[in-house]
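J.: Provided below for reference: sequence and predicted model.
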Amino acid sequence: HLLLAVRHRPSLSAGGMESGGENEQQHQQRKKMTSERRKAELRRRKLLLNSEERLNRIMGFSKSGAEEENLGDSLPPYELEKTETLQKSGLSKRTPGIPNDTADGSVTSIHYNNGTEFQGPYSADRRDSLNKMNEADNDLGQGSRHLGKPDLPVEQAQRAPRRGIEQYISRFDEAMKLRNQLMSEKSGHENGGGGEEFGTFRVFRLVGSALLALLVRVFVCKYLAIFAPFLTLQLAYMGLSKYFPKSEKKARTTVLTAALLLSGIPAEVINHSMDTYGKMGDVFADLCVYFFSFIFSHEVIVFIGVDLP
Amino acid sequence: MAESYAWLLVLGSVLLCSLFKMLLPTLSSLMAKLLQKDGETELQMRIEIGNMKQELTMISMMDEFARYARLERKINKMTDKLKTHVKTRTAQLAKIKWVVNIAFYIVQAVLMISLILKYYSEPVAMLPRKWMAPLERMVAFPTGIEGGVGITCWLLVCNKVVAVALQPFG
């Protein structure tokens, strides 16, 4: 076996020289491919991470822009420049593959690998991708510098249209959501889900009002006006409401609520008003049932001929 | 003074109107069936289309392409005719519904106005004045007779009570 291995070795080495050369070429090609792949991967990562920021800058909603605005209100111009540089360095640290100048003058590149940050030595084969990224950064940086320059009146003038755009977009979104909601509720209503639902508490209220009217007609009306017991009953209902299971009232979006929302009235105010209006409706229904039961019982008693005051 | 059964008359009218309103859709479809006599034509067309489609599945497209194409064209033509027919019928049905609704609302308005005019100065029921305190004037409107129950108050109360009572059946 040893002899065989020894015999094979020269043959291997002879062929190996040739294959070795080929291997080296292949290795170099592979190295080139991997470096190209690496560059492409870096570029892709950078684009993905920066896309949101770029979009915000285009739309004028950049966070850093907002921070600069806030700073612009309070800080003098020389402070603003300082904060700008700090922010840029922070940004460069956060993004992957961006050249980072170290204290000794050498340039390192920061990369993210499986979620962990590491600084690798700056190698020649990454120079092109890094230069490209640098150019892109510079462009953006200039743009941000333009945005962040301590020209307060210009900033204030820019702020107003940005806020206007923000408001417009948010109102537009709300309008589209409301439109879809209205259409879905309309189809649900047409299918047969319309009208208020009878909850247990509502039934309890109505039956209670009717019974009280009967009791008041038989026992109480000679002493008191008929509306006094009704008011007492309503106060009692207010206290009893918490002991009943609250049926989840689906917030019905009507054309009125949609119009109120779009005109700028906050949703909480509208909800509160709708709740109050709903409660008033319940009280009115109780009053109608109470009064009707009272008159009905009175007429029945008169018809029967029972001698009651 | 108040007629004995005025309150019952008003209550009965309101109840009748509400019940009629609930039955409006059924009434509209009944009237549509009576007025639209060509419902059989539509049924025949549907049967014919079904038969032709069945025949189409039995014909091989490769072997008898001309016959297949001819039959398909026939089916398409019949389907278009049926669609037009259905559209016309639906439009007619919508018109009939609209007419029935309008007629009902006119009748209801006339009934309510006539009741109000009849009992404008006369209460529908009489009660001792002190029972209605402090809302006796509001309850008595428009009669002005203290202790009486006016037509407007009673109409409002009856409408609400009947709506609440009929809600589970709606």
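T.: Arrived safely, thanks for sending. Residues are numbered from 1 along each chain as shown, chains lettered A, B, ... in the order given.

J.: The closest residue to residue A:274 other than its chain neighbours and residue B:131: what is the separation?
T.: Take residue A:274 and drop its neighbours on the chain: the residue closest to it by C-beta to C-beta, 6 or more residues apart in numbering or on different chains is residue A:257, 7.1 Å away. Heads up, the C-betas are built off the backbone N, CA and C, glycines and all. Separation of residue A:257 from residue B:131 (C-beta to C-beta, to the nearest Å): 40 Å.

J.: now residue A:24
T.: On the measure of C-beta to C-beta, residue A:24 and residue B:131 end up 113 Å apart.

J.: do the same with residue B:51
T.: Taken as C-beta to C-beta, the span from residue B:51 to residue B:131 is 76 Å.

J.: Averaged pLDDT, stretch B:93-109. What do you get?
T.: Throughout stretch B:93-109, pLDDT has a mean value of 93.

J.: Chain A contacts on chain B?
T.: B:7-8, B:125, B:127, B:130-135, B:149, B:154, B:156-158, B:160-161, B:164, B:167-168, B:170 (C-beta under 8 Å from any C-beta of the partner chain).

J.: Could you list which of those residues belong to strands?
T.: If you go by DSSP state E, the residues of chain B next to chain A have B:125, B:149 in strands.

J.: In contact with the residue most central in space within chain B, which residues are there?
T.: The centroid of chain B falls nearest to residue B:24 when counting by C-alpha atoms, centre = their mean (2.3 Å). Going by C-beta atoms under 8 Å, 6 or more residues apart in numbering or on different chains, residue B:24 touches B:100, B:101, B:104.

J.: Drop the exposed ones from those residues and show what's left.
T.: B:100, B:104 (16 or more other C-beta atoms under 10 Å in any protein chain shown).

J.: Nearest to chain A among the contacts of residue B:24?
T.: residue B:101 (15.8 Å; C-beta to the nearest C-beta).

J.: Residue A:212 contacts residue A:290, doesn't it?
T.: Yes. Residue A:212 is within contact range of residue A:290, at 6.6 Å (criterion: C-beta atoms under 8 Å).

J.: When those two are compared, which one has more neighbours?
T.: Neighbour count, other C-beta atoms under 10 Å in any protein chain shown: between residue A:212 and residue A:290, residue A:290 has more, with 27 against 22.

J.: For the stretch 151-300 of chain A, which residues are neighbours of chain B?
T.: The stretch 151-300 of chain A comes close to chain B at residues A:195-196, A:198, A:206, A:221, A:225-227, A:284-285, A:288-289, A:291-292, A:295, A:298-299, as judged by C-beta under 8 Å from any C-beta.

J.: Let's see that with 7 Å instead.
T.: By C-beta under 7 Å from any C-beta of the partner chain, the residues of the stretch 151-300 of chain A that approach chain B are A:195, A:198, A:206, A:221, A:225-227, A:285, A:288-289, A:291-292, A:295, A:298-299.
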